[in-house]
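**Q** Sequence and predicted structure, then a few things I'm wondering about:
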Amino acid sequence: MSNAPLMPKATAVWLLDNTALSFDQVADFTKMHPLEIQAIADGDSAQGIKGMDPISSGQLTRDEIEKGEKDPEHRLKLAESKVVLPQASKKKGPRYTPVSRRHERPSAILWLVRNHPELKDAQIMRLVGTTKTTIASVRDRTHWNAATLTPMDPVTLGLCSQLDLDFEVQRAAKEKPADQQYGGATLLPASETTRKDEYEPSSGKSEDDLNVDAVFAKLKTIGGKKHDDEDEDGL
């Protein structure tokens, strides 16, 4: 059998007290060593442990026990449970960091912050297995050991794999918005600034002709008024 019953030691105590099974049969069913079963029978082990009935718990049937009592070579089989429990889903959370490596996490955080500033706090938490408070203290240089921290690659420290680091970096690069190109004013080309536009007159006469005629007309008017004034004086 690959599965052991619930509370194997208490089950062994009950089987030794209520059945005629051999030590080997009880040891095989409870996945314990035969010498330990013998120690329980002699009272040297499991003192004070109350036996648990495997029949009432549905782990063993009475017929199976009777077969074992009649045949010492028979090995008891654990009864199949009638209740099917759903498989527990693995919860996603921060990566577990061994105790021996936990003091190196601030150095790994400092390395990630400096070399990959595009990484979010949640990504650093997944890679290193830390908290937002620790990340913030390393960023702001308020960590208690900030003066002696040295940036160290988390892959080299064994806190994460190179594949995990590359995946998070690529993911952060995809989520980062593209830099907008500068759309401000630019210098005009020299061909535009040095080009001379040809003058296109709006009428048949040029502005110079119009100005000359106006000047002469004004002069004639002035001259005429002057002669009129002299004639009046002569009279």
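**A** Yep, it's here. Remember, predicted model here, so these are calculated numbers, not experimental data.

**Q** K9 and E118: what is the separation?
**A** 55 Å (C-beta to C-beta, to the nearest Å). C-beta coordinates here come from the backbone N, C-alpha and C atoms, glycine included.

**Q** Which one's more surrounded, those two?
**A** K9 (16 against 12; other C-beta atoms under 10 Å).

**Q** what's the closest non-adjacent residue to that one?
**A** A46 (5.4 Å; C-beta to C-beta, 6 or more residues apart in numbering).

**Q** Where does the one you found sit: helix, strand or coil?
**A** Secondary structure, DSSP: H, G, I helix; E, B strand; the rest coil: A46 is coil.

**Q** Over to the one 4 residues further on?
**A** Taking three-state DSSP as the rule, one finds K50 in the coil state.

**Q** what does the one 4 residues further on give?
**A** When classified by three-state DSSP, P54 comes out as coil.

**Q** Next, work out how far apart it and M125 are.
**A** 45 Å.

**Q** between these two, who's got more neighbours?
**A** P54 (27 against 18).

**Q** Just list the residues touching that one, thanks.
**A** Contact analysis of P54 by C-beta atoms under 8 Å, 6 or more residues apart in numbering lists 5, 11, 14-15, 60.

**Q** Look up the closest residue to it, ignoring the ones flanking it.
**A** L60 (3.9 Å).

**Q** Pretty sure the one you found sits against P5.
**A** Yes. At 7.3 Å, L60 counts as touching P5 under the criterion of C-beta atoms under 8 Å.

**Q** tell me the domain ranges of the protein?
**A** Using automatic domain parsing, the domain ranges for the chain come out as 8-70, 99-175.

**Q** what about the strands in this structure?
**A** Counting by DSSP state E, no segments of the chain form strands.

**Q** And the helices in it, which stretches?
**A** 8-18, 23-30, 34-42, 62-70, 105-115, 121-128, 132-139, 154-157, 162-175, 190-193, 207-234 (DSSP state H).

**Q** Adding distance to K50 and mean pLDDT, write those out as a markdown table.
**A** A markdown table is the format used below for these (distance: least, C-beta to C-beta, whole Å; pLDDT from 0 to 100):
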| stretch | distance to K50 | mean pLDDT |
| --- | --- | --- |
| helix 8-18 | 6 | 90 |
| helix 23-30 | 15 | 91 |
| helix 34-42 | 13 | 89 |
| helix 62-70 | 19 | 90 |
| helix 105-115 | 46 | 92 |
| helix 121-128 | 45 | 90 |
| helix 132-139 | 47 | 91 |
| helix 154-157 | 49 | 88 |
| helix 162-175 | 48 | 89 |
| helix 190-193 | 100 | 61 |
| helix 207-234 | 122 | 57 |
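
**Q** Take those and lay them out in a markdown table including distance to A146.
**A** Output for the helices of the chain, formatted as a markdown table (distance: least, C-beta to C-beta, whole Å):
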| stretch | distance to A146 |
| --- | --- |
| helix 8-18 | 51 |
| helix 23-30 | 55 |
| helix 34-42 | 53 |
| helix 62-70 | 65 |
| helix 105-115 | 8 |
| helix 121-128 | 17 |
| helix 132-139 | 7 |
| helix 154-157 | 18 |
| helix 162-175 | 23 |
| helix 190-193 | 55 |
| helix 207-234 | 78 |
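
**Q** so which of those comes closest to L78?
**A** helix 23-30 (7.4 Å; C-beta to C-beta).

**Q** out of the contacts of P54, who's nearest R141?
**A** Nearest to R141 among the contacts of P54, with distances taken as C-beta to C-beta, is P5, at 56.6 Å.

**Q** I'd say that closest one and L15 touch.
**A** No. With contacts counted by C-beta under 8 Å, P5 stays clear of L15, the gap being 9.8 Å.
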